[in-house]
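Trainee: Make a model of this:
(chains A and B)
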Amino acid sequence: MNCKEFEIDIYLYTELSENERTRIDAHVQSCPSCSALFQEVKQTQRLIHGMAEEKTVPLHTARLTGRIMSKIMLPYKPTWLAWINQLLLSRKSKYVLSASSSLLLLVFFFQSFEDSPGIKTDKNESLAKPVLLNAKLFRDNFSHNKTKHALFADCRSPFQSNQYYMDCVKSKMK
Amino acid sequence: MDQESELDLIKRTMKGDGQAFRQLVEAHQGLAYSIAFRFTRDELESEDIVQNAFIKLWKNLSKYNEEFRFKIWLSKIVTNLCLDYLKSGRKKHTVDQSLSKEIMTLPSHHENKLEEKELRAIVYQLAEQLTEKQKAVFILRDLEMLEVDEVCQALQMTPGNMKSNLYYARLKIKEGLKKCYKN
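Mentor: Presented below is the predicted three-dimensional model:
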């Protein structure tokens, strides 16, 4: 057994059995370097032992006991406001809320897409036909709006209220 | 408190006897606080850790294993909470504060002889530099003076693993102290 192996046992002297300690004691007496190490370790352990005896106690022991017992004896009853807060602020609810809002957005988008007037296309016809049809629909709608706009154009004024516009339109309709 | 009366209190607590639990708290909060304070070096944090440890203990009392001493179970819970606290980075007194700085600020009449109080402060500083396992073993074995098997139970370590961590902890602390003396 070399000194390196004794070194570990010197650090763990207090954890060794009686026989192992006797073996270390015998080696230390014959080996100056291990003897010096043994003294250093003993000195450090003496200092640490002093620290072990220095127990820190809580400043207010009774208060700490009271704090612990109050937490244990009174079951936690959240108020309705705390309950809602907890519900909204919890991580799970955040995920659920964001997922449901995304789902609602998607439903709204598809619903509005389905409501928009569809264009029937014949698979045999060329692609130009739907385009022309769309253009026609667009023009019809737009031209109608144009006429409407021209008819009531003089009713519009940035300096007048909406009421004025409505009255003007009504008078023109008559 | 002997093991028999401790077990009696635990059984009464499990039946919902709050006063029995109060007696357990009063008997063991000193140990819990001492462990927590050696880890955190902060009074308020230590009190919070002790409080949380007893609440955790109360909630898990049905899982109590009679083979273990109550103080070992408590030490295990407190140590885990302390390690969580250290991991969280809430600790104000960081490792970065260099040891040499502390030594430099010592009054001049201490040039040749460091007083024991200062040496203790240095040991705590050196303990900050240990790994989590080394620190836990050092605190429970050397500072709280638990038996080897009790430390192994509290930290769920094999005796070999525990001794290895203890060796490195003592080595680092001794070398650190030696370095301070040389400086």
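Trainee: isn't residue B:3 right up against residue B:67?
Mentor: No. At 10.9 Å, residue B:3 does not count as touching residue B:67 under the criterion of C-beta atoms under 8 Å. In this view, the C-beta of every residue, glycine as well, is placed from N, C-alpha and C.
Trainee: higher neighbour count, the two?
Mentor: More crowded of residue B:3 and residue B:67, by other C-beta atoms under 10 Å in any protein chain shown: residue B:3, with 11 against 7.
Trainee: how about the more buried one, what does it touch?
Mentor: By C-beta atoms under 8 Å, 6 or more residues apart in numbering or on different chains, the contact set of residue B:3 is residue B:69.
Trainee: From residue B:71, how far out is it?
Mentor: With distances taken as C-beta to C-beta, to the nearest Å, residue B:3 is found 10 Å from residue B:71.
Trainee: Equivalent analysis for residue B:11, please.
Mentor: For residue B:11 relative to residue B:71 (C-beta to C-beta), the value is 17 Å.
Trainee: Repeat that for residue B:16.
Mentor: Going from residue B:16 to residue B:71 by C-beta to C-beta gives 23 Å.
Trainee: Looking at residue B:11 and residue B:71, which is more packed in?
Mentor: Using other C-beta under 10 Å as the criterion, residue B:11 and residue B:71 rank with residue B:71 on top: 19 against 14.
Trainee: what's the residue closest to the geometric middle of chain A?
Mentor: Central residue of chain A (C-alpha atoms, centre = their mean): residue A:91, 6.3 Å from the mean position.
Trainee: domains in chain B, as residue ranges please.
Mentor: What automatic domain parsing lists as the domains of chain B is B:1-93, B:94-183.
Trainee: Give me the mean pLDDT for the shortest one.
Mentor: This points to domain B:94-183. Mean pLDDT, computed over domain B:94-183, is 82.
Trainee: That domain vs chain A: in contact?
Mentor: Yes. Domain B:94-183 lies within reach of chain A by C-beta under 8 Å from any C-beta of the partner chain, at B:116, B:119-120, B:123, B:142-145, B:148, B:163, B:166-167, B:170-171, B:173-174, B:177-178.
Trainee: Of those, which belong to helices?
Mentor: Among these, the members found in helices (DSSP state H) are B:116, B:119-120, B:123, B:148, B:163, B:166-167, B:170-171, B:173-174, B:177-178.
Trainee: Relative to residue A:87, how far out is residue A:96?
Mentor: Residue A:96 is 10 Å from residue A:87, by C-beta to C-beta.
Trainee: ranges for the helices of chain B?
Mentor: For chain B, the helices defined by DSSP H cover B:3-14, B:18-40, B:43-59, B:70-88, B:99-104, B:116-128, B:132-137, B:148-155, B:159-182.
Trainee: Which among those is found nearest to residue A:20?
Mentor: Nearest to residue A:20 among those is helix B:159-182; the distance by C-beta to C-beta comes to 11.9 Å.
Trainee: What sits closest to the residue nearest the centre of chain B if chain neighbours are left out?
Mentor: Geometric centre of chain B, nearest residue: residue B:35, 3.2 Å, by C-alpha atoms, centre = their mean. Distances taken as C-beta to C-beta, 6 or more residues apart in numbering or on different chains put residue B:78 closest to residue B:35, at 4.8 Å, once the chain neighbours are dropped.
Trainee: What residues does the closest residue to residue B:10 other than its chain neighbours make contact with?
Mentor: Leaving out its chain neighbours, the residue that sits closest to residue B:10 by C-beta to C-beta, 6+ apart is residue B:64, at 6.0 Å. With contact taken as C-beta under 8 Å, 6+ apart, residue B:64 is in contact with B:10, B:14, B:70, B:73.
Trainee: Of these, keep whichever come out buried.
Mentor: The neighbour count (16 or more other C-beta atoms under 10 Å in any protein chain shown) marks B:10, B:70, B:73 as buried among these.
Trainee: And for the second one, nearest residue in space, chain neighbours not counted?
Mentor: Same thing as residue B:70. Nearest non-adjacent residue to residue B:70, counting by C-beta to C-beta, 6+ apart: residue B:6, 5.1 Å away.
Trainee: any chance of the domains of chain B in JSON lines, plus distance to residue A:111?
Mentor: Formatted as JSON lines, those follow (distance: least, C-beta to C-beta, whole Å):
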{"stretch": "domain B:1-93", "distance to residue A:111": "48"}
{"stretch": "domain B:94-183", "distance to residue A:111": "57"}
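Trainee: Could you say which one of those domains comes nearest to residue A:107?
Mentor: In terms of C-beta to C-beta, the element of the domains of chain B nearest to residue A:107 is domain B:1-93, at 42.3 Å.
Trainee: for the closest one, the distance to its chain's centre please.
Mentor: Here domain B:1-93 is found 12 Å from its chain centre; the criterion is C-alpha atoms, centre = their mean, to the nearest Å.
Trainee: now do stretch A:19-30
Mentor: Counting by C-alpha atoms, centre = their mean, stretch A:19-30 comes out at 60 Å from the chain centroid.
Trainee: Send me that stretch as PDB with only the CA atoms.
Mentor: Backbone C-alpha positions of stretch A:19-30 (Å, rounded to 0.1, in the frame of the first residue of the first chain) are rendered in PDB as follows:
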ATOM      1  CA  ASN A  19      -8.400  -1.900  12.900                       C
ATOM      2  CA  GLU A  20      -8.100   0.500  10.000                       C
ATOM      3  CA  ARG A  21      -7.200   3.300  12.400                       C
ATOM      4  CA  THR A  22      -4.500   1.200  14.000                       C
ATOM      5  CA  ARG A  23      -3.000   0.500  10.600                       C
ATOM      6  CA  ILE A  24      -3.000   4.300   9.800                       C
ATOM      7  CA  ASP A  25      -1.500   5.100  13.100                       C
ATOM      8  CA  ALA A  26       1.400   2.600  12.500                       C
ATOM      9  CA  HIS A  27       2.100   4.100   9.000                       C
ATOM     10  CA  VAL A  28       2.000   7.700  10.200                       C
ATOM     11  CA  GLN A  29       4.600   7.000  12.800                       C
ATOM     12  CA  SER A  30       7.000   5.700  10.200                       C
END
